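Q: sequence first, then the predicted structure, then my questions.
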Amino acid sequence: MLEQLRRELTALAHPLAGCALQPMSDKGLAHDHVRLAGSGWLARIPKQSQMGLAAVRNLDYQRTCFERAAPGGHSPALHGVLAPSANLPRGALLVAEIEGRAARLPGDLGAIVRALGSLHALPLPPRAKRSPLQDERDPLKSLCDEIAAQARFLAGAKVAPEVAGAIESQQQRLQALCDQAARPRRHLIAFDGHPGNFIVRADGSAVLVDLEKCRYSYPGLDLAHATLYTSTTWDVDSHAVLSEGEIMAAYRAWDRFMGAAAGEAARWHVPLRGAMWLWSITWCAKWRVLSREREGPSGDGEDWSADRSEAALVTHVRGRVEHYLSAPVVARVLHELAMLERVLSP
């Protein structure tokens, strides 16, 4: 990877071609990260497209995520794009390296919520100017369909019958919600705002450093992803188990940050939390199945093969997936969801 990046920078006569290249720890299933020493820049080199896009479209999508998030002030600056090439089949983005530390929960939850709110508070562009970011006519139905597609992997993942039954029951609840006409307002959201994707700067502000899945949808999905058990215990460095009071405090902090714009969103907090959990748990089933496959030869589309990541990362992800798909953890999440429904629902 380092040699391919160096060759590409040299071929382009890039000003940073002479920088020492320092590989960063392999922490994600979608990207490798390389520090261009002394420049303050990082290269984000895709391993795959989580959204199933061809290499050129995937890079354009990610570029747009960084550009759209920039006015909020809580994302890395985008410095350049290295187009897909023989050296880098999926290309790369060059972004600012954020100096700071991993999030510590629950203390940094307020900063994380404000960072997410900086996205949600941005003006919604006219429909014609939202492309290429995902902007479905009905984001809730689209999410239901995405969850249903991932749920097809449950059988192959060999989950326990009680787990499959619980997921199916929650899918039915979500489908009943989809069948109703009411919808919350849409905003720019991250859709990957788990605590491990934030760096906290010395001034206490949080920066969302992974922006590849932004879309125009519902902020409640981001709030859920920042506080669900399956999110706060995902990353080793930010691992924490939140109390119900800490979760409620995060939602209320977002309500305060958004002000009047939060009003009608409150009734959607719990339903969208359930939807985000369904997306996460069915993704776990999907990964359990697809990670067994061999690495694909193409630079396009999804590729969840374990061959694309270091053994330590794969072992960690496998452990998390096994844990989240277990019956006790599913029961825990559903208990918490029921409690929050009593407390947070208007």
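A: Thanks, I have the structure now. Numbering: from 1, shown residues only.
Q: just want the most central residue of the protein.
A: Most central residue of the chain, judged by C-alpha distance to the mean C-alpha position with Cα atoms, centre = their mean, is Asp192 at 1.5 Å.
Q: if I pick that one, what's in contact with it?
A: When contacts are counted by Cβ atoms under 8 Å, 6 or more residues apart in numbering, Asp192 touches Asp210, Leu211, Glu212, Lys213, His225. The way it works is simple: take the backbone N, C-alpha and C, and place the C-beta from them, glycine included.
Q: how about low-confidence regions in this protein?
A: Applying pLDDT under 70 to the chain flags residues 346.
Q: which parts of it are helices?
A: Counting by DSSP state H, the chain has helices at residues 2-11, 55-69, 109-120, 139-151, 154-157, 161-178, 219-227, 229-232, 244-258, 269-290, 311-324, 327-344.
Q: tabulate the ones you listed in a markdown table, adding columns for mean neighbour count and distance to Val95.
A: Converted to a markdown table, these look like this (neighbours: other Cβ atoms under 10 Å; distance: least, Cβ to Cβ, whole Å):
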| stretch | mean neighbour count | distance to Val95 |
| --- | --- | --- |
| helix 2-11 | 16 | 14 |
| helix 55-69 | 20 | 7 |
| helix 109-120 | 24 | 16 |
| helix 139-151 | 18 | 27 |
| helix 154-157 | 16 | 34 |
| helix 161-178 | 15 | 35 |
| helix 219-227 | 28 | 20 |
| helix 229-232 | 22 | 23 |
| helix 244-258 | 18 | 25 |
| helix 269-290 | 22 | 25 |
| helix 311-324 | 15 | 21 |
| helix 327-344 | 15 | 33 |
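Q: got those helices as a markdown table, with distance to Gly38 columns?
A: Compiled in a markdown table, the helices of the chain are given as follows (distance: least, Cβ to Cβ, whole Å):
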| stretch | distance to Gly38 |
| --- | --- |
| helix 2-11 | 14 |
| helix 55-69 | 22 |
| helix 109-120 | 27 |
| helix 139-151 | 42 |
| helix 154-157 | 45 |
| helix 161-178 | 49 |
| helix 219-227 | 33 |
| helix 229-232 | 34 |
| helix 244-258 | 36 |
| helix 269-290 | 37 |
| helix 311-324 | 27 |
| helix 327-344 | 44 |
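Q: nearest spatial neighbour of Ala202, chain-adjacent residues omitted?
A: Computed as Cβ to Cβ, 6 or more residues apart in numbering, the closest residue to Ala202 that is not its neighbour in sequence is Gly100, at 6.7 Å.
Q: measure the one you found to Ala164 for me?
A: Distance, Gly100 to Ala164, by Cβ to Cβ, to the nearest Å: 41 Å.
Q: what of Leu21?
A: The spacing between Leu21 and Ala164, counted by Cβ to Cβ, is 46 Å.
Q: OK, contacts around Glu341?
A: Glu341 makes contacts with Val270, as judged by Cβ under 8 Å, 6+ apart.
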